[in-house]
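> Fold the following, please.
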Amino acid sequence: MSKKSKLYLRNKKRKRTKSSLKLGTHPRLVVYRSNIHIYAQVIDDNKSITLVAASSNDKKLSSSISKAKGKIEKSKVVGEAIGSELKSNKISQVIFDRNGYKYHGRIKALADSVRDVGIKL
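Okay, here's the model as predicted:
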């Protein structure tokens, strides 16, 4: 499958699920994955603000990211960081928006590490 058609299908999935996810009463955990880094942010759609954000190129996480060997381990570190920030903000449940990506690899590692901290997805 060509790169253009993969992007087209991913965007089609994103548009299909965005409308149903925005109706929720809980904040949304959005994940973006590039070739090197992974980004996650929690958005409150009612107020249209970002509550918490973390990524694999944050300066706060640079010491723990440098110890991680692969991209999946970096995703776990980012998931733990965003989960602990959610706990400190007293948010116990979020809606997981995987942004059209398949639920495996780095996306799954991030989601599992957020769950391990104690946040419901």
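> Residue nearest the middle of the protein, spatially speaking?
By CA atoms, centre = their mean, the chain has its centre lying nearest to residue 31, at 3.0 Å.
> and it, what element?
Assigned by DSSP states H and E, residue 31 belongs to strand 28-33.
> What is that strand packed up against?
strand 38-44, strand 95-97, helix 106-117 (3 or more CB pairs under 8 Å, 6 or more residues apart in numbering; DSSP states H and E). Using the backbone N, CA and C atoms, a C-beta is placed for each residue, glycine as well.
> now do 6 Å
For strand 28-33, the elements it packs on are strand 38-44, strand 95-97, judged by 3 or more CB pairs under 6 Å, 6 or more residues apart in numbering; DSSP states H and E.
> I'd like the ones you listed as JSON lines, with mean neighbour count appended.
Converted to JSON lines, those look like this (neighbours: other CB atoms under 10 Å):
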{"stretch": "strand 38-44", "mean neighbour count": "21"}
{"stretch": "strand 95-97", "mean neighbour count": "20"}
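> For residue 24, which of those strands is the nearest?
Residue 24 sits nearest to strand 95-97 of all those, at 4.8 Å, using CB to CB.
> ok, residues contacting the lowest-mean-pLDDT helix or strand in the chain?
Sorting the helices and strands of the chain by mean pLDDT, DSSP states H and E puts helix 3-21 at the bottom, at a mean of 79. Residues outside helix 3-21 that contact it (CB atoms under 6 Å, 6 or more residues apart in numbering): 28, 95, 97, 100.
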